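Engineer: sequence? don't have it. structure:
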């Protein structure tokens, strides 16, 4: 019996994918289902991680690409790439909790970096991560990202980004040179 995983396919998200993408992102970061994976934010944030309007905005933006990753015709991961001059922004990254720990994340981020560099000619990838997510930041550091110490405030009071469970949340900019 062949136990090898089916290959991944990459494509741009469409408006028809919005519901599946929102469900994927929520399952990877919020609520009890997110605890099956290691990327959960359930202990620091409750409420939603994203909403259909936010995802649709990225899908429709001329400077963004919302990459969906499928296996066997099912969306199992996604990420946003946004062209910002000499660099690209990487965000909205989610891998199905049931598949986390299998190496999909590092495969997908490498493909996204390669695509942004080749298609847009960008020389850096930028992202922001909640600064208290030390395990997640360490994962990105192992992939060549470096902490900048540059912080932006968490949008307290805007439930579109979740309901904070602590008062010390902020975003740190991580940067990786692309070659």
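Structural biologist: That came through fine. On a predicted model such as this, the values are computed, not experimentally measured, just so you know.
Engineer: How about the contacts made by residue 78?
Structural biologist: Contacts here follow CB atoms under 8 Å, 6 or more residues apart in numbering; on that basis residue 78 touches 13, 21, 24, 25, 66, 67, 68, 69, 92, 93, 94. Any C-beta I mention is one placed from the backbone N, CA and C, and that applies to glycine too.
Engineer: can those residues go into TSV with extra columns for secondary structure?
Structural biologist: Shown next, in TSV, are these (DSSP: H, G, I helix; E, B strand; the rest coil):
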residue	secondary structure
13	coil
21	helix
24	helix
25	helix
66	strand
67	strand
68	strand
69	strand
92	strand
93	strand
94	strand
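Engineer: From these, pick the one nearest residue 104.
Structural biologist: Proximity of the contacts of residue 78 to residue 104 (CB to CB) peaks at residue 69, which lies at 7.5 Å.
Engineer: before we move on, what SS does the residue nearest to residue 31 when sequence neighbours are not counted have?
Structural biologist: With CB to CB, 6 or more residues apart in numbering as the measure, residue 42 is the residue that lies nearest to residue 31, at 6.2 Å, once sequence neighbours are left out. The assignment at residue 42 comes out as coil when based on three-state DSSP.
Engineer: Residue 42 - how many residues pack around it?
Structural biologist: Here the neighbour count serves as a burial measure; for residue 42 (other CB atoms under 10 Å) it reads 14.
Engineer: how far away is it from residue 168?
Structural biologist: The span separating residue 42 from residue 168 equals 17 Å under the rule CB to CB, to the nearest Å.
Engineer: ditto for residue 74
Structural biologist: Using CB to CB, which is the criterion applied here, residue 74 is 37 Å from residue 168.
Engineer: repeat for residue 41
Structural biologist: Distance, residue 41 to residue 168, by CB to CB: 14 Å.
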